[in-house]
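**Q** fold the following, please.
(one chain, ligands or ions: 1)
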Amino acid sequence: MTLESGDSGSLSQPGVLADIPSHARYLTFRRRASTPGPRDALERLADPHPGRPLVFGLGSSLVRELGAEVPGLRDFPASSGPGFSVPSTPAGLWVWLRSEERGELIHETRRVEKTLAGSFALDGVVDGFRYRTGLDLTGYEDGTENPKGAAAAEAAIVSGQGPGLDGSSFAAVQQWVHDFDRFESFSSRTQDHIIGRRKSDNVELKDGPDAAHVQRTEQEAPDPPAFLLRRSMPWADARRAGLVFVAFGASLDAFEYHLSRMTGAADRIADHLFRFTRPMTGAYFWCPPLRDGRADLGLLG
Ligand code: HEM
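**A** Numbering: from 1, shown residues only. Okay, the predicted model is just below:
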């Protein structure tokens with residue numbers, strides 16, 4: 001990996017800008033009480049993982065415990081709208097394992113757990129996967145309007161803020177659970193009007209309602225535009241399924257703008273997505289940049 005000044009994409013954890021893999025695992029860790037400080041465990045996690053790309057991020061409680069400050073990192077704001085709530089479920093540390101082989105993720109989980117053992121306890125494991133060509137489990141393509149190339153790096157990666165921060169990313173992560181019976185009870189026209197795109201050919205509806213998801217989250221509508229790099233993937237366990245929504249940003253502002261539009265905070269128009277799906281979790285993380293091939297924890301003191 002080359003480090004070129006002015007190209008902050010080259011300083012980011014590679015999994016941030018890469019396409020979504022076939023399989024993923026989302027791990028959340030909490031600090032073990034009465035154990036040594038987290039610094040050594042984090043330094044071990046920061047070491048290179050050749051051939052095993054993972055993305056990790058720290059929550060604000062962990063950053064505070066280290067006596068550090070990451071400008072722009074804050075707690076996920078809980079909110080609500082008509083008939084639904086958007087919870088805030090902060091976590092200390094988030095690790096996104098990525099692979100083309102599901103079996104590798106089992107071994108990776110054990111390896112990361114051992115790397116962090118002593119200071120962190122594994123709190124949550126969510127299994128994600130790519131559905132067909134990158135669809136949400138409702139059958140709609142997810143990620144169509146993502147910025148590409150240099151625009152993706154500009155949206156997702158911090159630049160011009162100085163060493164330690166440049167090349168890093170802020171991640172917003174929410175686990176949504178879908179009610180498929182409810183979704184399937186809608187006609188295909190209503191389903192298209194919920195999303196704001198036609199499932200059959202992915203074309204955006206010209207006459208979509210104001211509450212359609214893509215109307216709520218139009219990235220070019222605000223000034224300045226609110227671009228996000230979404231890297232969401234379907235998830236499932238034995239009984240439930242939905243979407244792990246992950247958005248990377250150079251700040252958390254664009255995500256918060258879209259989320260408040262979705263809840264109808266200003267205009268009382270709630271996103272039609274809430275007719276069939278609900279977020280169960282919501283957390284923010286700061287994903288450190290890379291330096292000399294390993295994660296750079298310099299900002300953390
Ligand atoms: C269960 C949850 C969600 C599902 C199933 C979902 C699905 C979709 C789909 C199918 C699209 C249209 C294709 C595309 O451009 O990707 C889309 C667009 C988009 N979504 Fe979501 N989404 C979810 C949650 C969210 C959340 C929580 C946010 C941000 C707070 C968000 C932000 C966006 C944005 C910015 C776009 C692009 C809109 C545009 O510029 O046209 N989505 N989403």
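**Q** let me see the contact set for residue 282.
**A** 76, 78, 86, 87, 88, 89, 172, 173, 174 (CB atoms under 8 Å, 6 or more residues apart in numbering). Yep, even glycine has a C-beta here, placed from its N, CA and C like the rest.
**Q** looking at those residues, spot the one nearest the ligand.
**A** residue 174 (5.8 Å; CB to the nearest ligand atom).
**Q** quick one: mean pLDDT for stretch 140-154?
**A** Average pLDDT, stretch 140-154: 98.
**Q** quick check: buried residues in it?
**A** 140, 141, 142, 143, 145, 146, 147, 152, 153 (16 or more other CB atoms under 10 Å).
**Q** and the contacts of residue 282, which of them are buried?
**A** Buried members of the contacts of residue 282, counted by 16+ other CB under 10 Å: 76, 86, 88, 89, 172, 173, 174.
**Q** residue 296 against residue 166, yeah?
**A** No: using CB atoms under 8 Å, residue 296 is not in contact with residue 166; the gap is 9.6 Å.
**Q** who touches both of those two?
**A** With CB under 8 Å, 6+ apart, residue 296 and residue 166 have common neighbours residue 289.
**Q** check the contacts of residue 282 and tell me the two furthest apart.
**A** 78 and 173 (14.6 Å; CB to CB).
**Q** settle this for me: residue 204 is touching residue 197, isn't it.
**A** Yes: applying CB under 8 Å as the test, residue 204 and residue 197 come out as touching, 5.2 Å apart.
**Q** so those two - more neighbours on which side?
**A** residue 197 (22 against 15; other CB atoms under 10 Å).
**Q** residue 73: neighbour count?
**A** Counted with other CB under 10 Å, residue 73 comes out at 20.
**Q** so it, which of the three states?
**A** coil (DSSP: H, G, I helix; E, B strand; the rest coil).
**Q** isn't it right up against residue 287?
**A** No: in this structure residue 73 lies outside contact range of residue 287 using CB under 8 Å: 10.4 Å.
**Q** list the contacts for residue 67?
**A** residue 301.
**Q** that one in helix, strand or coil?
**A** Residue 67 - assigned by three-state DSSP - is coil.
**Q** do you know the pLDDT at residue 10?
**A** 54.
**Q** okay, and the beta partners of the closest residue in space to residue 288 that isn't next to it in sequence?
**A** Using CB to CB, 6 or more residues apart in numbering and skipping residues adjacent in sequence, the residue nearest residue 288 is residue 295, 4.7 Å away. Residue 295 has these beta-bridge partners by DSSP bridges: residue 290.
**Q** so residue 295 sits against residue 54, correct?
**A** No: applying CB under 8 Å, one finds residue 295 not in contact with residue 54, separated by 10.0 Å.
**Q** burial measure for residue 181, as a count.
**A** Neighbours around residue 181, by other CB under 10 Å: 8.
**Q** separation between it and the ligand?
**A** 16 Å (CB to the nearest ligand atom, to the nearest Å).
**Q** so that residue: helix, strand or coil?
**A** Strictly by three-state DSSP, residue 181 counts as helix.
**Q** look up phi and psi at the residue most central in space within the chain.
**A** Compute the mean C-alpha point of the chain, and by CA atoms, centre = their mean the closest residue is residue 246, 1.9 Å away. Phi and psi for residue 246, reported as degrees, to the nearest 10, are phi -130, psi 120.
**Q** that one bridge partners, please.
**A** Here residue 246 sits in beta bridges with residue 173, going by DSSP bridges.
**Q** about what we covered before: what do residue 73 and residue 287 both touch?
**A** residue 170.
**Q** show me which residues of the stretch 1-150 of the chain are close to the ligand?
**A** Residues of the stretch 1-150 of the chain lying near the ligand by CB under 6 Å from any ligand atom: 136, 140, 141, 142, 143, 144, 145.
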